[in-house]
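> sequence? don't have it. structure:
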């Protein structure tokens, strides 16, 4: 499967997840058009449709975001931009003194196959930590603690994160579908 | 001139600005595709090109944002989303204790005319206030003080804001160009 991303962290995770289904991953550095939308599904659907015919099938386009309840979903679909500008420190500052720390990580993965696009979604509930901890993963991983754990995503190994993450859920659904189609 | 926006505040300002050049404004509620980009010019150029042929000419598409130096340009092109989620209070919290309060408001206005798109840009330097003040305008107007003033945009009348604003600069350039073309 071709995966359209320049994010090496995402690539490593997707490779680990879909590898369990016997699916290989090849990175494609194609330019993708990302629209502004509050819906990650709409963003990846639009991007994948625009790539039909120019990227070899099957291919996948992924987008993900951290949605913080007390901040009305911020940074949501713009997590990458928010990470680049104000970073984990900025989000922690916004959450300073906020008792409701509930948040969820959401991933939308679009599969391009047979000239059509199908979107899969995964999410994981958790909370925003009070300080950044850990150095694995990428993006807001150091400030997100999945429910039932005391460690952040960035304090987990790639293997452990990829058993429970939003990306694991979305790409497991995508891989199951693809594996069945390719049989 | 047709202006593609659902923002009544923007519409009032654009009408006041281009009215000085004898240009009337008609609002169009067409759906526009906004891409994710750090460049407002790219966003409006892409949106306007997609509307060529479906919106009567001449038409204009506008986007604007508040770029805060100490926050690496945040909220920038995603100002509308950031306003809807964390609002002026969130941006003030991020700026709490930050000595460098320099910021600029930027407007990009794309004109669709003769099957082509031309983009005009305006910007105004200033700083982020320490508290929200005033109730005119919209968006982040209550926390932006243009250079040389002590009042925020939201403490100015529409007429006063429209003499000095980023939107006034962009749409004055657009209107001058359009008025010359239509002569």
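Yep, it's here. Not measured: the values here are computed from a predicted model.

> Counting by contacts, list what the helix or strand hosting residue A:62 packs against.
Element membership of residue A:62, judged by DSSP states H and E, is strand A:59-68. Judged by 3 or more Cβ pairs under 8 Å, 6 or more residues apart in numbering or on different chains; DSSP states H and E, strand A:59-68 is in contact with strand A:2-4, helix A:8-19, helix A:40-51, strand A:75-76, helix A:79-85, strand A:102-113, helix A:166-182. (Each C-beta comes from the backbone N, C-alpha and C, glycine too.)

> The closest residue to residue A:7 other than its chain neighbours: how many residues sit nearby?
Of all residues beyond its chain neighbours, the one nearest residue A:7 is residue A:138 (7.1 Å), with distances taken as Cβ to Cβ, 6 or more residues apart in numbering or on different chains. Neighbourhood size, residue A:138 [other Cβ atoms under 10 Å in any protein chain shown]: 16.

> and the residue of chain A most remote from its centre, how far is that from chain B?
Distance from the centre of chain A peaks at residue A:97, with 27.6 Å (Cα atoms, centre = their mean). Computed as Cβ to the nearest Cβ, to the nearest Å, the residue A:97 to chain B distance reads 9 Å.

> now do residue A:3
19 Å.

> quick one: contacts for residue A:43?
A:34, A:35, A:37, A:63, A:77, A:108, B:36 (Cβ atoms under 8 Å, 6 or more residues apart in numbering or on different chains).

> which two in the residues you listed are spaced the farthest apart?
Distance extremes for the contacts of residue A:43: the farthest pair is A:108 and B:36 at 14.2 Å, using Cβ to Cβ.

> who touches the most centrally placed residue in chain A in this structure?
Closest residue to the average C-alpha location of chain A: residue A:64 at 3.5 Å, with Cα atoms, centre = their mean. Neighbouring residues of residue A:64 by Cβ under 8 Å, 6+ apart: A:10, A:40, A:79, A:105, A:106, A:107, A:108, A:166, A:167.

> same thing with residue A:80?
Contacts of residue A:80 (Cβ under 8 Å, 6+ apart): residue A:139.

> need the residues of chain A near chain B, please.
With Cβ under 8 Å from any Cβ of the partner chain as the criterion, chain A meets chain B at residues A:33-36, A:38, A:43, A:71-78, A:81-82, A:84-86, A:90, A:93-94, A:96.

> switch to 10 Å and redo it
Chain A comes close to chain B at residues A:32-38, A:43, A:46-47, A:63, A:67-68, A:70-78, A:80-82, A:84-87, A:89-91, A:93-98, as judged by Cβ under 10 Å from any Cβ of the partner chain.

> Now stretch A:40-60: buried residues?
A:40-48, A:50-51, A:55, A:58-60 (16 or more other Cβ atoms under 10 Å in any protein chain shown).

> same thing with stretch A:174-183?
Buried residues in stretch A:174-183 (16+ other Cβ under 10 Å): A:174, A:175, A:177, A:178.

> Report whether the expected contact of residue A:109 with residue A:176 is present.
No. Residue A:109 lies out of contact with residue A:176 (Cβ atoms under 10 Å); the separation is 11.9 Å.

> ok so, going back, buried ones from the contacts of residue A:64, can you make that a ChimeraX selection?
The ChimeraX selection below is limited to those of the contacts of residue A:64 classed as buried (16+ other Cβ under 10 Å):
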select /A:10,40,79,105,106,107,108,166,167
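
> now the contacts of residue A:64 in JSON lines, with pLDDT and distance to residue A:24?
As requested, the contacts of residue A:64 are exported to JSON lines (pLDDT from 0 to 100; distance: Cβ to Cβ, whole Å):
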{"residue": "A:10", "pLDDT": "95", "distance to residue A:24": "16"}
{"residue": "A:40", "pLDDT": "97", "distance to residue A:24": "25"}
{"residue": "A:79", "pLDDT": "97", "distance to residue A:24": "28"}
{"residue": "A:105", "pLDDT": "98", "distance to residue A:24": "26"}
{"residue": "A:106", "pLDDT": "98", "distance to residue A:24": "26"}
{"residue": "A:107", "pLDDT": "98", "distance to residue A:24": "20"}
{"residue": "A:108", "pLDDT": "98", "distance to residue A:24": "22"}
{"residue": "A:166", "pLDDT": "98", "distance to residue A:24": "22"}
{"residue": "A:167", "pLDDT": "98", "distance to residue A:24": "17"}
